[in-house]
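K.L.:
The following block contains a protein sequence and its predicted model.
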2 protein chains.
Amino acid sequence: MEELKERIRKDGKVRGNDVLKVDRFLNHQMDVALFAEIGKEFEQRFAGCGVNKILTIEASGIGIACITAQFFHCPVLFAKKTKTKNIAGEVYTAKVESFTHGRSYDIIVAKEFLHAGDRVLIIDDFLANGAALTGLIKLAEEAGAQVVGTGIVIEKAFQPGGERIRSKGIRVESLVKIKSMNEENGVVFVED
Amino acid sequence: MEELKERIRKDGKVRGNDVLKVDRFLNHQMDVALFAEIGKEFEQRFAGCGVNKILTIEASGIGIACITAQFFHCPVLFAKKTKTKNIAGEVYTAKVESFTHGRSYDIIVAKEFLHAGDRVLIIDDFLANGAALTGLIKLAEEAGAQVVGTGIVIEKAFQPGGERIRSKGIRVESLVKIKSMNEENGVVFVED
């Protein structure tokens, strides 16, 4: 997605060799006009897949998911991060091992909102090691829902998450894929 | 807002005399078609106010804020909740004393995204004791930004937050105001 590459070149900030700060437009301040372009692109890529629910995770996935959902005319469900044990029976739970923060947490969704027969599109802003995405897929699978695919805004293709998820047979559509980056030269994208 | 009252009557669940669960459409599963009606209503109420930034707080405010921002053609900035002390200088910080959860936390926004001269509309899903909203107003004021008003989806008018905020001279527009509620009879709204 060319517009997104340009925006990353213009407003993204590389820290070290693996941190890309996009808080100017994606995950702190949020450019909703760009989100509409992102949503439209996901709509095109997942057209005809019968998506009836978008699943994401708090917090920074929520804005992108909501605007994308307008194109699919379906509701959004966001998984909540929690450190407290939840009452079994009412929620689906998955453990997420965060490589970035070196800690683990549980994510939950209420069972009443995710069902067998649901055709779920999972949306998130980043894919790096795939920890959060793996947890979201597990929540959907526990519910017996069908994951029609995952729509990612920025994939760090030099980290193993994308391959991990694809090797499970899950479709991953990343709007841009980053091959490498460093502070001097910025971001190098994987060629489309 | 009649459509919202109907939805609360249909899908809201009262617990005790003060908890209203609206996770079926507002703050867990999210009905983005309803959010568009909410955004349109905020647009009408704050027309001509020169809003150039919408400020909200993670997590459940983000979806409503993003869809509302489409009507104002402006970016969203969401305050992050944090328990860690942040580097002074780079962020504005406010302490929030949560009555609901009996604990306090800090909220932060990066200074680079909030400025003197900004005309800020603050959006949130609930107004009860006003703790989060007071923190958001403090962040905006620290930045020297002008708070043109606050747009709330559901105000619990039997709790003191609305009066507290209005008594500071801040405009509060709540799409529905709840006068009282209980498990037997459901929700009683303040008459428009």
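P.N.:
Arrived safely, thanks for sending. Predicted, not measured: the structure shown is a model, and the values here were computed from it.

K.L.:
The top helix by length along chain A - what's its average pLDDT?
P.N.:
Counting residues, the longest helix found in chain A (DSSP state H) is helix A:32-45. Averaged across helix A:32-45, pLDDT comes to 98.

K.L.:
Can you name the residues of chain A sitting close to chain B?
P.N.:
When proximity is defined as C-beta under 8 Å from any C-beta of the partner chain, chain A approaches chain B at A:23-25, A:28-33, A:35-36, A:58-59, A:62-63, A:65-67, A:69-70, A:73, A:75-78, A:80, A:109-110, A:112-113. In short, each C-beta sits where N, CA and C put it, glycine included.

K.L.:
where does chain A have low pLDDT?
P.N.:
A:84-88, A:100, A:192 (pLDDT under 70).

K.L.:
Residue nearest the middle of chain A, spatially speaking?
P.N.:
A:Asp124 (1.6 Å; C-alpha atoms, centre = their mean).

K.L.:
Not counting its neighbours along the chain, what's nearest that one?
P.N.:
A:Gly61 (4.7 Å; C-beta to C-beta, 6 or more residues apart in numbering or on different chains).

K.L.:
wait, the one you found sits on A:Leu77?
P.N.:
No: counting by C-beta atoms under 8 Å, A:Gly61 stays clear of A:Leu77, with 11.0 Å between them.

K.L.:
Settle it for me: which of these two has more neighbours?
P.N.:
More crowded of A:Gly61 and A:Leu77, by other C-beta atoms under 10 Å in any protein chain shown: A:Gly61, with 28 against 24.

K.L.:
list the contacts for A:Glu142?
P.N.:
A:Glu142 sits next to A:Tyr92, A:Ala94 when contact means C-beta atoms under 8 Å, 6 or more residues apart in numbering or on different chains.

K.L.:
Using ChimeraX, make a named selection holding only the buried ones among the residues of chain A next to chain B.
P.N.:
This is the ChimeraX syntax for the buried subset of these, where burial follows 16 or more other C-beta atoms under 10 Å in any protein chain shown:
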select /A:23,24,25,28,29,30,31,32,35,36,58,59,62,63,65,66,67,69,70,75,76,77,78,80,109,110,113
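
K.L.:
So which of the residues of chain A next to chain B belong to helices?
P.N.:
A:Val32, A:Ala33, A:Phe35, A:Ala36, A:Ile62, A:Gly63, A:Ala65, A:Cys66, A:Ile67, A:Ala69, A:Gln70.

K.L.:
Among those residues, which one sits closest to A:Lys53?
P.N.:
A:Ala69 (8.7 Å; C-beta to C-beta).

K.L.:
quick one: A:Val147 is in a strand?
P.N.:
Yes: A:Val147 forms part of a strand when assessed by DSSP: H, G, I helix; E, B strand; the rest coil.

K.L.:
I figured it hits A:Leu139, correct?
P.N.:
No: assessed by C-beta under 8 Å, A:Val147 is found out of contact with A:Leu139, at 9.8 Å.

K.L.:
Which one of the two is surrounded by more residues?
P.N.:
A:Leu139 (25 against 22).

K.L.:
Now do the buried residues in the helix or strand harbouring that one.
P.N.:
Element membership for A:Leu139, per DSSP states H and E: helix A:131-142. In terms of neighbour count (16+ other C-beta under 10 Å), helix A:131-142 has its buried residues at A:Ala131, A:Ala132, A:Leu133, A:Thr134, A:Gly135, A:Leu136, A:Ile137, A:Lys138, A:Leu139, A:Ala140.

K.L.:
Also stretch A:160-176?
P.N.:
A:Gly161, A:Gly162, A:Arg164, A:Ile165, A:Ile170, A:Val172, A:Ser174, A:Leu175, A:Val176.

K.L.:
is it true that the fifth one touches A:Ile137?
P.N.:
By that I understand A:Ile170. Yes: with contact defined as C-beta under 8 Å, A:Ile170 reaches A:Ile137; the gap is 6.3 Å.

K.L.:
Quick check: of the buried residues of stretch A:160-176, which lies closest to B:Gly12?
P.N.:
Among those, and counting by C-beta to C-beta, the member closest to B:Gly12 is A:Ile170, at 35.3 Å.

K.L.:
The nearest residue to A:Arg171 once chain neighbours are set aside and A:Gly169, how far apart?
P.N.:
Using C-beta to C-beta, 6+ apart and skipping residues adjacent in sequence, the residue nearest A:Arg171 is A:Gly149, 3.7 Å away. Using C-beta to C-beta, to the nearest Å, we find A:Gly149 at a distance of 11 Å from A:Gly169.

K.L.:
try A:Leu121
P.N.:
Between A:Leu121 and A:Gly169 the distance is 16 Å, computed by C-beta to C-beta.

K.L.:
A:Ala145 now?
P.N.:
15 Å.

K.L.:
ok, now A:Val109?
P.N.:
Where A:Gly169 is concerned, A:Val109 sits at a distance of 22 Å (C-beta to C-beta).

K.L.:
Now, the buried residues of stretch A:160-176 that are in strands?
P.N.:
A:Val172, A:Ser174, A:Leu175, A:Val176 (DSSP state E).

K.L.:
Could you find the closest non-adjacent residue to the third one?
P.N.:
Pointing back at A:Leu175 there. A:Leu175's closest residue in space is A:Met1 (C-beta to C-beta, 6+ apart), at 4.2 Å.

K.L.:
and that neighbour, what is it in contact with?
P.N.:
A:Glu37, A:Ile38, A:Glu41, A:Leu175, A:Val176.

K.L.:
Just the CA trace of stretch A:136-154, in PDB.
P.N.:
C-alpha atoms of stretch A:136-154 as PDB (Å, rounded to 0.1, in the frame of the first residue of the first chain):
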ATOM      1  CA  LEU A 136      -6.500 -13.800  19.100                       C
ATOM      2  CA  ILE A 137      -6.500 -16.900  16.700                       C
ATOM      3  CA  LYS A 138      -6.700 -19.100  19.800                       C
ATOM      4  CA  LEU A 139      -9.700 -17.200  21.100                       C
ATOM      5  CA  ALA A 140     -11.500 -17.500  17.800                       C
ATOM      6  CA  GLU A 141     -10.700 -21.200  17.500                       C
ATOM      7  CA  GLU A 142     -11.900 -21.900  21.100                       C
ATOM      8  CA  ALA A 143     -15.200 -20.400  20.100                       C
ATOM      9  CA  GLY A 144     -15.300 -22.600  17.100                       C
ATOM     10  CA  ALA A 145     -15.300 -19.600  14.800                       C
ATOM     11  CA  GLN A 146     -13.700 -19.600  11.400                       C
ATOM     12  CA  VAL A 147     -10.700 -17.200  11.100                       C
ATOM     13  CA  VAL A 148     -11.000 -16.100   7.400                       C
ATOM     14  CA  GLY A 149      -7.700 -14.200   7.800                       C
ATOM     15  CA  THR A 150      -5.700 -11.500   9.600                       C
ATOM     16  CA  GLY A 151      -5.300  -8.000   8.300                       C
ATOM     17  CA  ILE A 152      -2.100  -6.300   9.600                       C
ATOM     18  CA  VAL A 153      -1.100  -2.700   8.900                       C
ATOM     19  CA  ILE A 154       2.700  -3.100   9.400                       C
END
